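Novice: What follows is a predicted structure for the sequence shown.
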Amino acid sequence: MSDKTMTADEVVSRLHSGMTLGIGGWGSRRKPMALVRALLRSDITDLTVVSYGGPDVGMLAAAGRIRKLVAAFVTLDSVPLEPHYRAARESGAFELMEIDEAMFMWGLRGAANRLPFLPVRAGIGSDVMRVNPGLRTVTSPYEDGETFVAMPALRLDAALVHVNRADRLGNGQYLGPDPYFDDLFCEAADAAYVSCERIVDTAELTKEAPPQSLLVKRLSVTGVVEAPGGAHFTSCAPDYGRDEDFQRLYASTPWAEFSERFLAGDEQAYGSVVRNWQEEQG
């Protein structure tokens, strides 16, 4: 067992243009934003991004880093449709595979189990099949003879997720009300990188919560990054909620202006400029 700790920039140094990148979290909840910001500081582009999308997708789309997006939605939760994603999509900046939430989960589960596809009822009788002409159906070989969507596995070159706690070996723990599907993102990927609010000793993980909260297993993790506030401005319950004021600023500010003001420096600079902005707001 080895120490897997690294910095966000070291994570990004292991990524490259053209990858299929999975990003965990859900909408504007527990997104690995420190890792996304580090990715934006690089020159990596031409990405296929797989995400239950939030500002991770919005920022990468606005920055022109996405070639193809696979998503069930892209939302800021309290802002129903992510505006920077919307602008990029309306301009035809990237290809989109939009699928049902259950199909998305089944694609991750298929990849996690190294299967080429999994049958799923979701999508049958809907426009999902029309807007995704590459999807195929499969018929049960048993007496029922039922037809299913053959959801292709969403195999990932790399995955980025954020959790509340982790140890140096790569065990990741969520303490909030919902695990989302971060474990499947990690298991579906050839390499998985976990950022966390705090790195603790392994024995400490089960002092705050039961073993069932150990969502991410070290066997599927390549690197661990300690990133306090690393999900900002999305939520990371119970450590902090969504920064609604900052999210509204993000949603209402042109991308070039927002990125120049808040994303020009490293993560320390980001924290400083955000705190200064918060003080200005009183």
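Specialist: Happy to help now that I have it.

Novice: how about the strands in the stretch 1-150 of the chain?
Specialist: Applying DSSP state E, counting those that start in this stretch to the stretch 1-150 of the chain gives strands spanning 20-23, 47-51, 66-71, 95-98, 117-120, 136-139, 147-152.

Novice: And the helices in the stretch 51-200 of the chain, which stretches?
Specialist: In the stretch 51-200 of the chain, the helices defined using DSSP state H, counting those that start in this stretch lie at 55-62, 83-90, 101-112, 128-131, 182-187.

Novice: Same list (those) but as a markdown table, adding mean neighbour count and mean pLDDT.
Specialist: Heads up, the C-betas are built off the backbone N, CA and C, glycines and all. Conversion of these to a markdown table gives the following (neighbours: other CB atoms under 10 Å; pLDDT from 0 to 100):
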| stretch | mean neighbour count | mean pLDDT |
| --- | --- | --- |
| helix 55-62 | 26 | 98 |
| helix 83-90 | 19 | 97 |
| helix 101-112 | 22 | 97 |
| helix 128-131 | 14 | 94 |
| helix 182-187 | 26 | 98 |
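
Novice: Select, out of these, the one closest to L118.
Specialist: L118 lies closest to helix 101-112 among the helices of the stretch 51-200 of the chain, at 4.2 Å (CB to CB).

Novice: low pLDDT regions in the chain?
Specialist: Residues of the chain meeting the criterion pLDDT under 70: 1.

Novice: Just the C-alphas of the longest helix seen in the chain, formatted as PDB.
Specialist: Counting residues, the longest helix in the chain under DSSP state H turns out to be helix 267-281. In PDB, the C-alpha atoms belonging to helix 267-281 read as follows (Å, rounded to 0.1, in the frame of the first residue of the first chain):
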ATOM      1  CA  GLU A 267      -5.900  27.800  -6.300                       C
ATOM      2  CA  GLN A 268      -4.500  29.900  -3.600                       C
ATOM      3  CA  ALA A 269      -5.200  33.000  -5.700                       C
ATOM      4  CA  TYR A 270      -8.700  31.800  -6.400                       C
ATOM      5  CA  GLY A 271      -9.400  31.500  -2.700                       C
ATOM      6  CA  SER A 272      -8.000  35.000  -2.100                       C
ATOM      7  CA  VAL A 273     -10.000  36.700  -4.800                       C
ATOM      8  CA  VAL A 274     -13.200  34.900  -3.800                       C
ATOM      9  CA  ARG A 275     -12.700  36.000  -0.100                       C
ATOM     10  CA  ASN A 276     -12.100  39.600  -1.300                       C
ATOM     11  CA  TRP A 277     -15.300  39.500  -3.400                       C
ATOM     12  CA  GLN A 278     -17.300  38.100  -0.400                       C
ATOM     13  CA  GLU A 279     -16.000  40.900   1.800                       C
ATOM     14  CA  GLU A 280     -17.000  43.500  -0.800                       C
ATOM     15  CA  GLN A 281     -20.500  42.100  -0.600                       C
END
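
Novice: And it, how far out from the chain middle?
Specialist: 24 Å (CA atoms, centre = their mean, to the nearest Å).

Novice: Tell me where the stretch 151-282 of the chain has strands.
Specialist: Here the stretch 151-282 of the chain has its strands, by DSSP E, counting those that start in this stretch, at 156-166, 172-173, 189-199, 223-226.

Novice: right, and V70 touches L47 too?
Specialist: No: using CB atoms under 8 Å, V70 is not in contact with L47, being 11.0 Å away.

Novice: Could you pull up the residues touching the nearest residue to L205 once chain neighbours are set aside?
Specialist: Distances taken as CB to CB, 6 or more residues apart in numbering put Q173 closest to L205, at 5.2 Å, once the chain neighbours are dropped. Taking CB atoms under 8 Å, 6 or more residues apart in numbering as the criterion, Q173 is in contact with 163-166, 205, 208-209, 213-216.

Novice: So what pairs up with Q173 in the strands?
Specialist: R165 (DSSP bridges).

Novice: Let the chain start at 39 from now.
Specialist: New numbering, starting at 39: the last item is Q211.

Novice: Distance check, it against K69.
Specialist: 17 Å (CB to CB, to the nearest Å).

Novice: next one: S40
Specialist: Distance from S40 to K69, by CB to CB: 27 Å.

Novice: Please say which of those two ends up with more neighbours.
Specialist: Higher neighbour count among S40 and K69: K69, with 33 against 8, using other CB atoms under 10 Å.
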